[in-house]
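# this is a predicted model, with the sequence first.
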Amino acid sequence: MPLTPSAPLQVQRAAQALLTRPGTCTPALRQAVEAHAAALSGSRERAAQDLPAELIAYVEKVALHAYQVTDQDVQSLKQAGYSEDAIFEITLCASLGAGLARLERGLLALAGG
Amino acid sequence: MRLSILAGGHSPGQKALLALAALAAGGRLPEPIRVLSYRRELFGADFAACVEEALRGSQHWSQGEAELFAAFVSQLNDCKYCAQTHAAVAARGLGDEPLVAAVLADWRAAPLDEKLRAMLGLLEQVTLHPGALGPADMAPLRAAGLGDQAIEEALYVAFVINVMDRLADAFDFDLPAAAELRRYARLAQWLGYGTISLPG
């Protein structure tokens, strides 16, 4: 199957599902995590968000240098009351934001912006 | 794997399929399959389709070249799991393991044609300094004769791999042993990525 124009649609589908379907975290929190990670990754469309304090360090680590995430980081979130399903969703959203911002900036540069 | 739900939290139907997939992979299930199969309606099902399109759907780049981009981006992100696995698939696809090793060691010195060299330059900027990207970054690609579609297709590879690298490191995928790596590379080359999110 040709990549374009189907890929952007598939990307939108993936983002739409992750950020709006019923989950453990509210859609509002998932969208805030994605937007925060995107803002840290150069997005012009999304701004840094007021995340719950206990999430900030983890989301920023996943967005900026995920190889530095430790068992202790995940344990700290559990101790703060986040279930494994919530941590799963937060990690997906932070990762998606970092990826989408790169796609956004790359396509923007290609279009001359 | 840092989350126990990703090791054993799948539905009963998925567990049966995961066991079959593990057999096909030679014993141990590739960890991206665990992650993208878990609660797949939330993300994995749609994202697996993105990975398939990005790494297997390119009109301009060969599968081996797309895999080389994936390994290169992963190395820039310090993601050992994805760098190793995609490098193995790239080496099979390109039929040139020394070239893949040369790119990962020092891409500027690697014996590449100008199109690939220019593309790697942009992927480095996209991965390491996305906020500084601008139209001027496209000049070397235009000079090398790359059109919009070729650039867009490589940007989609960068997108899916920048997501996947983060999942691999945040969830702490175990590095495959050398023999596993060869099996995974063979499977990825044969089956592609559409099946990395299993229903059930």
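Alright, I've got the coordinates.

# which non-adjacent residue is nearest the residue in chain A that chain B sits nearest to?
Nearest to chain B, among the residues of chain A, is A:Gly42, at 2.9 Å (CB to the nearest CB). Yep, even glycine has a C-beta here, placed from its N, CA and C like the rest. Of all residues not flanking A:Gly42 in the chain, B:Gly131 sits nearest, at 2.9 Å (CB to CB, 6 or more residues apart in numbering or on different chains).

# what do you get for B:Ala45?
In this structure, B:Ala45 finds its nearest non-sequential neighbour in B:Ser197, 5.0 Å apart by CB to CB, 6+ apart.

# that neighbour: what secondary structure?
The three-state label given to B:Ser197 by DSSP: H, G, I helix; E, B strand; the rest coil is coil.

# quick one: it and B:Leu36 touch, right?
Yes: at 4.1 Å, B:Ser197 counts as touching B:Leu36 under the criterion of CB atoms under 8 Å.

# tell me, how many residues neighbour the residue nearest to A:Gly42?
By other CB atoms under 10 Å in any protein chain shown, 13 other residues sit near B:Gly131.

# same check, this time on B:Asp78
13.

# tell me the contacts of it?
B:Asp78 makes contacts with A:65, A:67, B:169, as judged by CB atoms under 8 Å, 6 or more residues apart in numbering or on different chains.

# helices and strands of chain B: which one bottoms out on pLDDT?
Here the helix or strand of chain B ranked lowest by mean pLDDT, DSSP states H and E is helix B:178-191, holding a mean of 87.

# tell me if that one is near chain A.
No: using CB under 8 Å from any CB of the partner chain, helix B:178-191 stays clear of chain A, coming no nearer than 15.6 Å.

# okay, that helix in CSV with CA atoms only?
C-alpha atoms of helix B:178-191 as CSV (Å, rounded to 0.1, in the frame of the first residue of the first chain):
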residue,chain,number,x,y,z
ALA,B,178,22.5,-12.8,19.0
ALA,B,179,20.6,-15.9,17.8
GLU,B,180,17.3,-14.3,18.7
LEU,B,181,18.2,-11.2,16.9
ARG,B,182,18.8,-13.2,13.7
ARG,B,183,15.4,-14.9,14.1
TYR,B,184,13.6,-11.6,14.8
ALA,B,185,15.3,-10.1,11.7
ARG,B,186,14.1,-12.9,9.5
LEU,B,187,10.6,-12.8,10.9
ALA,B,188,10.4,-9.0,10.5
GLN,B,189,11.7,-9.3,6.9
TRP,B,190,9.2,-12.0,6.0
LEU,B,191,6.1,-10.9,7.9
